[in-house]
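Participant: I'll drop the sequence and a predicted model, then ask my questions.
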Amino acid sequence: MNIALRNVPEDLHAELKAAAKRNHRSLNGEILARLTLSRRLRLGGFTADSEPTAPLNDEEREALLKRIRERQKAIGKVDFDPDMIREMRDSRHP
């Protein structure tokens, strides 16, 4: 099924484009990923809108774990040194 989004605020469009680039996705892929995540996101068995959702089945769970492991392998070890984090943050925001 195809849908079109109209009247997207410029700041939201820019945010989505930047996220798509960071995640190596097309803009459409980023929107679909976010929609899928919001549908699957559960807080105590409920979505943020308090609608009941089905738990992940075994296949979905294994696919998710595989993606997480692949992303962790690609990223490598992450150093959470507070000084490095501050420096990275400050270099992005003059």
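Facilitator: In hand now; what should we look at?
Participant: longest helix anywhere in the protein?
Facilitator: Longest helix of the chain, by residue count under DSSP state H: helix 58-75.
Participant: tell me which residues in it are buried?
Facilitator: Residues of helix 58-75 include none that count as buried (16 or more other C-beta atoms under 10 Å). Every C-beta, even on glycine, is put in place using the N, C-alpha and C of the backbone.
Participant: touching that helix from outside, list them.
Facilitator: L56 (C-beta atoms under 8 Å, 6 or more residues apart in numbering).
Participant: just the element for the most centrally placed residue in the chain, please.
Facilitator: Nearest to the geometric centre of the chain sits R34, at 6.0 Å (C-alpha atoms, centre = their mean). Secondary structure assigned from DSSP states H and E places R34 in helix 27-40.
Participant: then L16?
Facilitator: L16 belongs to helix 10-22, assigned by DSSP H and E.
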